[in-house]
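[1] Sequence isn't available, so here's the structure alone:
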């Protein structure tokens with residue numbers, strides 16, 4: 001029962017905490033699962049981590065004593081400690097970039113009951129000379145519709161706190177907590193902490209700008225259509241001129257390869273490595289040469305692919321493998337090592353079988 005006896009309420013809260021352990025753990029798992037599904041469905045961008053914890057029992061009592069006890073007792077308002085702990089269950093969402101935080105928060109606002117929101121990003125950015133931890137804290141609860149569902153009904157009375165941070169903000173928070181006695185350290189050390197915080201903020205901004213610039217390069221490289229047949233196109237001269245302007249890189253590789261293999265998803269890290277393999281063999285290899293090698297040789301390589309897979313059904317023949325074979329046909333001397341010895345011998349044997357006997 002609520003009362004004004006702090007000692008009595010501490011005992012009651014400890015009993016409540018100990019008896020609710022399993023239910024709290026299940027609530028943590030359920031909330032993480034719900035949030036993960038909502039963010040996946042909303043496509044807010046890459047979220048690197050969603051984790052949950054149950055706040056330490058004694059920390060809960062200390063927080064209540066610090067924030068609420070004196071006000072409630074001054075107003076002679078009876079209380080139960082657990083009724084004032086919106087962060088008994090805490091969930092942390094770590095986004096890759098800072099501008100994802102708002103998108104995540106909008107999803108949560110749409111699907112949960114909002115108790116309170118603390119925007120530490122706005123608080124820090126609203127000052128000219130203050131740096132420090134930036135993140136968005138939201139106190140939430142299940143909405144009325146969710147609370148009536150049998151699978152969530154046991155958790156209906158448990159609100160939870162969500163902390164949304166970028167990867168850089170989370171790193172700063174971890175390091176910031178390791179700095180002891182921040183309020184008492186000398187001014188020169190405080191200044192160094194502010195400088196360090198500013199560097200983290202700059203890193204957050206730069207990662208976002210690099211992402212945006214990279215996306216723009218990909219868009220520029222893939223927006224214009226490419227003709228399949230160079231020899232039959234009226235725009236052959238213009239296309240060749242445009243293609244020959246640049247050496248091969250990951251962005252223009254995607255444009256060319258993506259055109260010939262429309263149903264294949266080229267993963268960024270594999271593209272990077274593949275392009276480097278090409279440049280190790282020919283450091284000046286041009287985008288136009290890649291296009292020409294595919295235009296001239298892909299039909300032959302696809303015929304070989306059919307032959308190879310018919311004889312070896314347990315194997316695969318990916319677009320990367322097809323491009324390697326096209327490059328080998330395009331310039332066997334330069335790209336002699338683009339295929340393994342066994343693959344090259346097998347391919348040459350098949351090619352020889354197609355050539356007319358003397």
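    Arrived safely, thanks for sending. Owing to the predicted nature of the structure, the values given are computational and were not obtained by experimental measurement. Numbers count the residues shown, from 1 in each chain.
[2] May I have the beta-bridge partners of the closest residue to residue 24 other than its chain neighbours?
    Excluding the flanking residues, the one nearest residue 24 by Cβ to Cβ, 6 or more residues apart in numbering is residue 54, at 4.9 Å. In short, each C-beta sits where N, CA and C put it, glycine included. Applying DSSP bridges to residue 54 gives these bridge partners: residue 89.
[3] my read: residue 54 touches residue 22, true?
    No. Because the distance of 10.7 Å does not satisfy Cβ atoms under 8 Å, residue 54 is recorded as not touching residue 22.
[4] quick one: which of these two has more around it?
    Neighbour count, other Cβ atoms under 10 Å: between residue 54 and residue 22, residue 54 has more, with 16 against 8.
[5] That one and residue 136, how far apart?
    21 Å (Cβ to Cβ, to the nearest Å).
[6] ok, now residue 294?
    47 Å.
[7] same thing with residue 329?
    55 Å.
[8] Give me the more crowded residue out of those two.
    More crowded of residue 329 and residue 136, by other Cβ under 10 Å: residue 136, with 21 against 18.
[9] In contact with the more buried one, which residues are there?
    Contacts for residue 136 (Cβ atoms under 8 Å, 6 or more residues apart in numbering) come out as 101, 102, 105, 117, 118, 119, 120, 121, 163, 164, 165.
[10] so what's it closest to, chain neighbours aside?
    The nearest residue in space to residue 136 (Cβ to Cβ, 6+ apart) is residue 164, at 4.5 Å.
[11] Need the three-state assignment for that neighbour.
    Of the three states, residue 164 takes strand under DSSP: H, G, I helix; E, B strand; the rest coil.
[12] Assess the claim that it and residue 93 are in contact.
    Yes. Applying Cβ under 8 Å as the test, residue 164 and residue 93 come out as touching, 4.8 Å apart.
[13] Now list whatever residues contact both of the two.
    residue 104.
[14] Looking at those two, which is more packed in?
    Neighbour count, other Cβ under 10 Å: between residue 164 and residue 93, residue 93 has more, with 27 against 24.
[15] Would you agree that one falls within a strand?
    Yes. Counting by three-state DSSP, residue 93 is found in a strand.
[16] list the buried ones in whichever strand or helix holds residue 106?
    Using DSSP states H and E, residue 106 maps to helix 100-111. Within helix 100-111, the residues that count as buried by 16 or more other Cβ atoms under 10 Å are 100, 101, 103, 104, 105, 107, 108, 111.
[17] Wait, the third one touches residue 46, no?
    No. Under the criterion of Cβ under 8 Å, residue 103 lies out of contact with residue 46, with a separation of 11.6 Å.
[18] ok, now how distant is residue 111 from residue 140?
    Residue 111 is 9 Å from residue 140, by Cβ to Cβ.
[19] Pick out the lowest-pLDDT one from the contacts of residue 136.
    Minimum pLDDT for those is recorded at residue 121 (66).
[20] what's the weakest-modelled helix or strand in this structure?
    helix 236-243 (a mean of 44; mean pLDDT, DSSP states H and E).
[21] who does the helix or strand following it touch, helix- and strand-wise?
    Using DSSP H and E, the helix or strand that follows helix 236-243 towards the C-terminus is helix 250-260. Applying 3 or more Cβ pairs under 8 Å, 6 or more residues apart in numbering; DSSP states H and E, one finds that helix 250-260 contacts helix 187-222, helix 268-281, helix 287-311, helix 319-330.
[22] Mind listing what's buried along the strand or helix carrying residue 174?
    Taking DSSP H and E as the criterion, residue 174 maps to helix 167-176. Of the residues in helix 167-176, 167, 168, 169, 170, 172, 173, 176 count as buried by neighbour count, 16+ other Cβ under 10 Å.
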